[in-house]
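A.B. asks: what would the 3D arrangement of this be:
(chains A and B, ligands or ions: 1)
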Amino acid sequence: MGYVPVKGGTEAIEASIKRLKYERLKGQEIIAINTIRSTMRGMVDQVMSESSLYSPYLAALSIKQAEGSMEEAVFLMRAHRSTLPRNYYSQTVEAETMLVERRISASFKDIPGGQLLGPTYDYTHRLLDFNLIEENPTENQQWLQNYKQELQHIEPFKELKYFPKVVEHLREEGLFEVYEADNTPPIDITKQNLDFPTSRSARLQVLTRGQTGAVTSLGYASLRGYGQVHPTVGEVRVGSVPIYVEHPNEVEHGAEDEFYIGEIKVTEVESFVPVKVKNENNEDELEFEIGYGICYGQNETKAIAMSILDQCLEHTNSDFPTHDEEFVLLHIDSVESTGFISHLKLPHYVTFQSKLDSIRQVKKGVQKNES
Amino acid sequence: MKAETHFAFFDEGSKKEIRRAIMKAVAIPGYQVPFASREMPIARGWGTGGLQITLSIIGKSDVLKVIDQGADESVNAVSIKKLVHETTGVELTDRTEDADIIQSRHRIPEIALTKEQIIVLQVPTPEPLRGVEAREYITKRMHSEYDYSGAWLILFEQIMKYGKTATAADHPVYVNHRYVMAPSPIPRFDNPKIHQSDALILLGAGREKKIYAVPPYTNVESLAFDDYPFTVESFEGMHCHLCSGADVFLDELIDHTTGETIYQCNDTSYCMERMNENVNEKEKAEVEGSYA
Ligand SMILES: [Zn+2]
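C.D. replies: Next comes the predicted model:
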């Protein structure tokens, strides 16, 4: 009989996974996927946004499985995403067709279509509500009923109307340059590695799936002084947009042949950023440019920060790191940053042995030189 | 709403795409081919580059070996093996000579690999010039312009500071006299094994989204100056306390009872084989304890 390798690693992993399950189960409470979906809206939105997979149901499952850890939930969703074939690309979404739930402008008091506050935490006072400890279904139902009754007294518009973009109004005044629509097909960063310098379509894709905290921090850094973008929020809108795909077989394409495959809820931000441009007499003139931010679900801080970073990266001739696309784009992804940081937990004894040897050899050499 | 996982995790389209990148890498030895790196069920930095290569090339009849820091039973190696096995059902092995594909982190096995085998190395930092230049845009240009002064400068500065080159693992190599390549953090001890290797060597960096390769029988030289030649880690006068092997990469351990420094083969499969060549029942208990 010969030697057999000991299965220490296998056993240790099995025990660790068991222990992890124990931690999730030991409190003997079960949270339903639907409970997460209907009560953890912010978290579900954030997970979908950072994982760039729009599925509230799967996001809720990932949150449950990850015991509420954001980085784990996003990680689960991204890995799942890798198993899904990509069969179609959607048609361009016109954000004007958004079914708006909320829409505000910080630039103008009176915008065409009006300000619509909608659901927001902005004007809540952040005091812990101890009543929620004893929340009960009957009271909640009563509240919902009352709310619906109140709404009945409000007279709706006769017809559905779309909100024009705030910027359109300023374009007419000549304060914004009118660009021709760029219909170059966007690159798909999940199919193609980033190539520097990047295209704007690639940048926007990386930013929108960036970790909320990372995007916010870098946007903040730029705003605070480590950047040259000083934006005003032209428009923040939250609402649903319809998604269509082209008929896969038809040769002739027309809007009426497109398939409606559902809607997604997004937050969209257009920031107005003053920039210096040269006029025809080669004099400096101020003009506005737009910083664009968009992300799945309602996550306004992230979308605004994204709009700042979008502008930063449009102007790369700056000494600030927030204007350096490699610095920004390569460090904001949740799966990448948390993965590489956590890999430091892996054993490194071969590399360490090699380092030890190197240092010992150098020391030896030094002693020889001295003697 | 349950989903069955596809053979080898990926959909076939993804596998094809990754294989295409591998083919290009083989065609241009040492050149870092960008690829659309997927998010994997294991974390970035934990071998996702190697794993994506393994999953794209593995077939049902392949036998797989995975090592981490030379050991088959290292927890991350076990975890990777488990994932590949669960999604493919392929046979696993610890014996280097029985494997068709060997995925490894930080080591190349001690016994010579054959032309029937493929070794897949996990790479954290594929860019050998990253230490001199942080920007990918610039380092890419440096490679295309054959501008390796930065790589030489690192070695030169070490000589100026320490009187000798002081690289540890991941000592850069010239591949086919053209590209300077990071061999992944293998010890310098393993660098010579890449030169004129019988086996195909594939390197995958998941987070940095690069695949590169050293095809069989390619010339690979470790960067060094004529008057300051390349040296490997020295284990002079040391040998494995289990199999008494010498001329292999050794782990430094502390004997728990005597407090003395002892050495042991880093390649656990190699050590086990050597011991089995000369079975000694009396030592068996001690050995099993040492790898636990
Ligand atoms: Zn040994």
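
A.B. asks: spell out which parts of the stretch 151-300 of chain A neighbour chain B.
C.D. replies: Near chain B, the residues belonging to the stretch 151-300 of chain A are A:I189, A:T190, A:K191, A:Q192, A:N193, A:L194, A:D195, A:F196, A:P197 when assessed by CB under 8 Å from any CB of the partner chain. Yep, even glycine has a C-beta here, placed from its N, CA and C like the rest.

A.B. asks: surely the fourth one is in contact with B:A36?
C.D. replies: It stands for A:Q192. Yes. Contact status for A:Q192 versus B:A36: in contact at 5.6 Å, counting by CB atoms under 8 Å.

A.B. asks: with neighbour numbers in mind, choose between the two.
C.D. replies: B:A36 (17 against 14; other CB atoms under 10 Å in any protein chain shown).

A.B. asks: strands of the stretch 1-150 of chain B, start to end?
C.D. replies: Here the stretch 1-150 of chain B has its strands, by DSSP state E, counting those that start in this stretch, at B:33-34, B:63-68, B:91-92, B:101-105, B:118-122.

A.B. asks: including distance to A:S62, mean neighbour count and mean pLDDT, could those strands go into TSV?
C.D. replies: Output for the strands of the stretch 1-150 of chain B, formatted as TSV (distance: least, CB to CB, whole Å; neighbours: other CB atoms under 10 Å in any protein chain shown; pLDDT from 0 to 100):
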stretch	distance to A:S62	mean neighbour count	mean pLDDT
strand B:33-34	29	18	96
strand B:63-68	27	25	97
strand B:91-92	29	15	97
strand B:101-105	27	25	97
strand B:118-122	26	27	98
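
A.B. asks: wasn't A:I290 part of a helix?
C.D. replies: No. Read with DSSP: H, G, I helix; E, B strand; the rest coil, A:I290 is strand and lies in no helix.

A.B. asks: what's near enough to touch it?
C.D. replies: Applying CB atoms under 8 Å, 6 or more residues apart in numbering or on different chains to A:I290 gives the contacts A:V167, A:F176, A:G234, A:E270, A:S271, A:F272, A:V273, A:S307, A:Q311.

A.B. asks: take the residues you listed and keep only those in helices.
C.D. replies: Within the contacts of A:I290, residues falling in helices by DSSP state H are A:V167, A:S307, A:Q311.

A.B. asks: drop anything exposed from those residues.
C.D. replies: A:V167, A:S307, A:Q311 (16 or more other CB atoms under 10 Å in any protein chain shown).

A.B. asks: from these, which are also near the ion?
C.D. replies: Counting by CB under 5 Å from the ion, nothing from these sits close to the ion.

A.B. asks: how about CSV for these, with pLDDT and distance to B:R95 added?
C.D. replies: Listed next are those as CSV, based on pLDDT from 0 to 100; distance: CB to CB, whole Å:
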residue, pLDDT, distance to B:R95
A:V167, 87, 67
A:S307, 97, 57
A:Q311, 95, 58
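
A.B. asks: stretch B:40-53 near chain A anywhere?
C.D. replies: Yes. Counting by CB under 8 Å from any CB, chain A is contacted by stretch B:40-53 at B:M40, B:P41, B:A43, B:R44, B:G45, B:W46, B:T48.

A.B. asks: domain map for chain B?
C.D. replies: B:12-130+B:173-221, B:234-292 (automatic domain parsing).

A.B. asks: now the stretch 151-300 of chain A against chain B: closest residue?
C.D. replies: Closest contact between the stretch 151-300 of chain A and chain B, by CB to the nearest CB, is at A:N193 (3.4 Å).

A.B. asks: would you confirm that that residue contacts B:A21?
C.D. replies: No. Using CB under 8 Å, A:N193 is not in contact with B:A21, being 9.2 Å away.

A.B. asks: what residues are shared contacts of these two?
C.D. replies: Common neighbours of A:N193 and B:A21 (criterion: CB under 8 Å, 6+ apart): B:P34, B:F35.

A.B. asks: now the helices for the stretch 101-250 of chain A?
C.D. replies: Remark: helices assigned in the stretch 101-250 of chain A by DSSP state H, counting those that start in this stretch are A:137-152, A:166-172, A:200-208, A:212-224.

A.B. asks: can I get the ones you listed in CSV with distance to B:I262?
C.D. replies: Shown next, in CSV, are those (distance: least, CB to CB, whole Å):
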stretch, distance to B:I262
helix A:137-152, 67
helix A:166-172, 72
helix A:200-208, 50
helix A:212-224, 45
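
A.B. asks: could you pull out the helices for chain B?
C.D. replies: For chain B, helices defined by DSSP H occupy the ranges B:12-27, B:48-57, B:75-88, B:136-144, B:149-162, B:191-194, B:268-277, B:281-290.

A.B. asks: most packed of the ones you listed?
C.D. replies: Comparing those by mean neighbour count (mean count of other CB atoms under 10 Å in any protein chain shown), helix B:48-57 ranks first with a mean of 26.

A.B. asks: so where's the longest helix in chain A?
C.D. replies: Across chain A, the longest stretch assigned as helix under DSSP H is helix A:349-370.

A.B. asks: A:L356 is nearest to which of the helices of the stretch 101-250 of chain A?
C.D. replies: helix A:212-224 (35.2 Å; CB to CB).

A.B. asks: who are the packing partners of that closest one?
C.D. replies: Helix A:212-224 sits against helix A:41-51, helix A:300-314, with contacts defined as 3 or more CB pairs under 8 Å, 6 or more residues apart in numbering or on different chains; DSSP states H and E.

A.B. asks: tell me which of these sits most buried.
C.D. replies: Ranked by mean neighbour count, these are led by helix A:300-314 with a mean of 26 (mean count of other CB under 10 Å).

A.B. asks: so who does the most centrally placed residue in chain B touch?
C.D. replies: Nearest to the mean C-alpha position of chain B, by CA atoms, centre = their mean, lies B:L121 at 3.7 Å. Going by CB under 8 Å, 6+ apart, B:L121 touches B:G50, B:Q103, B:S104, B:R105, B:I108, B:P183, B:S184, B:I186, B:I201, B:L202, B:L203, B:G204.

A.B. asks: okay, and the beta partners of the third one?
C.D. replies: What that stands for is B:S104. B:I67, B:L121 (DSSP bridges).

A.B. asks: you'd agree it is up against B:L64?
C.D. replies: No. B:S104 is beyond contact range of B:L64, at 11.3 Å (criterion: CB under 8 Å).

A.B. asks: identify the contacts common to those two.
C.D. replies: Common neighbours of B:S104 and B:L64 (CB under 8 Å, 6+ apart) do not exist.

A.B. asks: now do the strands in the stretch 1-150 of chain A.
C.D. replies: In the stretch 1-150 of chain A, the strands defined using DSSP E, counting those that start in this stretch lie at A:99-104.

A.B. asks: for the ion, give me its nearest residue in it.
C.D. replies: A:Y3 (10.9 Å; CB to the ion).

A.B. asks: now that residue: how far from B:E277?
C.D. replies: In this view, A:Y3 and B:E277 are 10 Å apart by CB to CB, to the nearest Å.

A.B. asks: ok, A:H169 next?
C.D. replies: 84 Å.

A.B. asks: name the SS class of A:Y260, please.
C.D. replies: Taking three-state DSSP, the label given to A:Y260 is strand.

A.B. asks: I'd like to know how far the residue lying closest to B:R141 once chain neighbours are set aside sits from the ion.
C.D. replies: Nearest residue to B:R141, sequence neighbours excluded (CB to CB, 6 or more residues apart in numbering or on different chains): B:D147, at 7.8 Å. Note on B:D147: its distance to the ion, by CB to the ion, to the nearest Å, is 43 Å.
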